[in-house]
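> Have a look at this prediction, sequence included:
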Amino acid sequence: MTPAIELRDASRAFGNVVALDRVSLAVAPGEFFALLGPSGSGKTTCLRLIAGFDQPDSGCVLLGGNDVTNAPPFARDVNTVFQDYALFPHMSVAENVAYGPKLRGVPARERRSRAHEMLELVRLDGFGSRRPHELSGGQKQRVALARALINQPKVLLLDEPLGALDLKLREEMQTELKGLQQRLGITFVFVTHDQGEALSMADRVAVFSAGRIEQLDTPRTLYVRPRTAFVANFVGSANVVTAETARELTGRADAFAIRPELIEIVAPGAPVGDGDVVCDGVVVDVLYHGATSRCRVRLSSGTVLAVDQPDAAAAAALTTGSSVRLTWRQALAAPLEG
Amino acid sequence: MGTSRAFSLQGRSAFYFALLLAPPLLWLGIVYLGSLLTLLLQSFYAIDEFTARVVPEPTLATYEVLLTQPAHIDIIVRTVAMAIAVTLASAVIAFPVALYMARYAGPRLKALFYVGILLPMWTSYLVKVYAWRLILAKQGIASWGFEQLGLMGALDRALAVPVVGGPSLASSYLGMFVVFVYMWLPFMILPLAAALERVPNTLLQASADLGATRGQTFRHVVLPLALPGLAAGSIFTFSLTLGDYIIPSVVGAPGYFIGMMVYQQQGTAGNLPLAAAFSVVPIVLIGLYLALARRLGAFDAL
C-alpha cells in the first residue's frame, strides 16, 4: 500500500544548525503517528516539511505517492492544528471553522451547516457565534481541530496539540483525539515532547534526537526494547548500564537498559533463580510516588540503580544507608547499541 | 490588632496612590478637557454685531451663521473633500510600505525604514511647507522633472482639470494635496506597520494550510487584522488635514479651509464664538468617522 506520507532522506539546516539530517520515514494511511523528541530535535521541522511551511534542502516529501516537496501548503491535502491554535481573532468560531470551505467557494448556507456539524463533532455545538477570545484553551483546541477537519484532509498534522492544556484536560483530550481518529480513519501525525502522550495515543512513534530518528517502533517495542541509551532514557525511565558495568554484573560486556519496575529488592543473602542478575548495594534515598516508591541504590562498583518498589510499607522500611540485594531477569533487559 | 494595622497600611497606601494620581488627573482634566469644554461653550455664545463683543448667553445663533452661509458650507465641503482625498491616498501609499517594513524587511532594513520615516518629521514643519512651495512653483524642480521625463503634457493636462488644477502645482489644490500627503504619510505608515507587525505568522500559515492562496490570505486575514491600524492612521491624516491652516495658506489655490477660518475668526475678525463653532466641525466629523469605522468592524480585531 502507498504510504500516506513519506520522507526520503530529507535534510534541513538553518545556518550552521542542522535541524534535520537525512531523515526517512513512511506513515501508513489511517495510522496515528507520533514524532517524539526534546526541543530542537527536528520533530517540528519534520512536521513543517509535511505541511509545506518549509522545504527540505535535499531529499523529498511524498503525500499519497505524489512528490509535493515544493508544493505550497494550500496545494496539499493536509491540514494542521497549530500549537497556539492560530484561530482568526476577527472571525467568529463558526466563521473560523467554515474558512476552508469558504476558500473553496462552497455556498454560505452549505458551509454554515457543515461548520455546525464539525462543531457538533468536537462537542462545541452552540458556540458558533462566539469569538475565539471568549473560549478556554480546551475549547480553542477543539475549534482548531474542527477547522482543520472540515476540509476532510487525508492527513491531519498536530503540533504539540495538548501542550498548552492543564493535566486533567490533557488526559481528556488524549482519549478524545484517539477516539476521533479511529472514527474518522484519517492519518494523524502529531508532534510532542511528552513521551506519555506519544505512548498512550500513537500506533507508532518516531523518536528524534539531534535531527535524526533514533528509533521508529510501536510504543510497546519502544518501551520494552529501546535500542539506544537515548531512547531508553527519553521513553519512560531506565537504568542504562554501560558495557563496563555490565561485565561486572552479567559477565558479558554488552550495554543494556533495565526498567526500574523490573528490578526486585530482596533481603541480603536471599536465594535467587537461575539466569537472574544479583547485586548488592546501599540505599541512597527513597521517594514516594503514590503507586510505587522510587528507591535509588548504589552498587559497590559506584553505579546507582533506580528501583520501583510497589509495596509502600516495604519501601518505608528502607532507609538511607541500609544494605539491600537487587535482582532481575536479564532476559527482560534491553540490549543497547553502541 | 493585626487587621487594624493592615487596614491602616491600606489607608496609607490609598492616600499615596491618590497623591500620585492627582497631578496627571488634574493636568488631563483642566488643561485638556477643561479647555476643550470652554471652547465648546464659546461656540454656544454669539457676537454682538454692533459692539463686536461676545455675549455670554447660550444661543444657537453662531451655529446658524456657520451652517446657513453658503461660503461657510463651501469651506467645510472643501476641507472635508481634501481630508478624504489625503486619507485615501495616504492609505494606498502607506500600505505597501508598512507591509514591507513589518513583514519582509530584515532588522537592519527595518531600522533604516523607521529612520527614513521619522527623520523628516524632526525638521521644521514650516521649512518643509515653504520648500514644497518652491518645489511645486511654475519654474520649480517638479515641473523641470516632468519636462525632463517628457511628461510636461501630462502635468499640463492635470493642471487643466477644473477645481483641482490651476496655473501651477504650487497654486492648485493638486499641489496642496501632494504636500498634505507628504506631511501626514508617516502618521499613516507607523500605526499600520505596528498593526501588521502584530499579526502572528501562524495565522498566515493557518490560512495557507486551509487552502488560501497568498491573495486570499491577504484579503481574508492580513487586511482585516490591519484595519485597526488603518483606522488609527486615517484618524491622524483625516483630523490633521481638517485642522491644518498653514499648508492651505502657503501652497495651493486661494480657497479657504476650516483651519484658516478658525485662525482668522479668532484673530483678525475677533469672532471667538464662530471660530469655536468652526473648530467643533472636525470634532463632530471625527466622531462620526469613528462611529462608522466601529460599525464596519474596524476595531473587531483589537
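Here it is on my side, so go on.
> OK, contacts around the residue of the stretch 201-338 of chain A found nearest chain B?
Closest to chain B within the stretch 201-338 of chain A is residue A:208: 21.2 Å, counting by Cβ to the nearest Cβ. C-beta: built from backbone N, CA, C; applies to glycine. By Cβ atoms under 8 Å, 6 or more residues apart in numbering or on different chains, residue A:208 lies in contact with A:35-37, A:41-43, A:46, A:214.
> Just the buried subset of those, please.
Applying 16 or more other Cβ atoms under 10 Å in any protein chain shown to the contacts of residue A:208, the neighbour count classes A:35-37, A:41-43, A:46, A:214 as buried.
> Out of the residues you listed, which sit inside strands?
Secondary-structure check on the buried ones among the contacts of residue A:208 using DSSP state E: residues within strands are A:35-36, A:214.
> so which of the residues you listed would you say is closest to residue B:82?
When those are compared for distance to residue B:82, the smallest value, 59.1 Å, is given by residue A:35; criterion: Cβ to Cβ.
> pLDDT value on that closest one, please?
Residue A:35 is assigned 96 on the pLDDT scale.
> And it, how close does it get to residue B:222?
Taking Cβ to Cβ, to the nearest Å as the criterion, residue A:35 is separated from residue B:222 by 30 Å.
> For the host helix or strand of residue A:246, name the packing helices and strands.
Following DSSP states H and E, the helix or strand that holds residue A:246 is helix A:243-250. Based on contacts counted as 3 or more Cβ pairs under 8 Å, 6 or more residues apart in numbering or on different chains; DSSP states H and E, the elements that helix A:243-250 packs against are strand A:276-288.
> what's the angle from the strand it packs on to helix A:243-250?
110 degrees (axes from the mean of the first three to the mean of the last three Cα atoms, to 10 degrees).
> low-confidence ranges in the chain?
No chain in the question, so chain A it is. In the predicted model of chain A, residues A:338 satisfy pLDDT under 70.
> oops, chain B please
Of all residues in chain B, those with pLDDT under 70 make up the ranges B:1-10, B:300-302.
> Quick one: neighbours of the residue of the stretch 151-300 of chain A found nearest chain B, just the number.
Scanning the stretch 151-300 of chain A for proximity to chain B using Cβ to the nearest Cβ identifies residue A:151 as nearest, at 6.6 Å. Neighbours of residue A:151 under the rule other Cβ atoms under 10 Å in any protein chain shown: 21.
> same check, this time on the one 3 residues further on
By other Cβ under 10 Å, 17 other residues sit near residue A:154.
> cool, residue A:309 as well?
23.
> surely it meets residue A:293?
Yes. Judged on Cβ atoms under 8 Å, residue A:309 makes contact with residue A:293 at a distance of 4.9 Å.
> Show me which residues of chain A sit near chain B.
Contact residues (Cβ under 8 Å from any Cβ of the partner chain) of chain A with chain B: A:51-53, A:72-74, A:78-80, A:82-84, A:86, A:88-90, A:99-100, A:102-104, A:147-148, A:151.
> Residue A:221 sits in which helix or strand?
Applying DSSP H and E, one finds residue A:221 within helix A:219-224.
> Show residues contacting the helix or strand just after that helix.
For helix A:219-224, the succeeding helix or strand toward the C-terminus, using DSSP H and E, is helix A:229-234. Where contact means Cβ under 8 Å, 6+ apart, the residues beyond helix A:229-234 that reach it are A:36-38, A:195, A:207, A:209, A:214-215, A:222, A:226, A:238, A:240, A:255, A:257, A:334, A:336, A:338.
> List the buried residues for helix A:229-234?
The neighbour-count criterion (16+ other Cβ under 10 Å) identifies A:229-232, A:234 as the buried residues of helix A:229-234.
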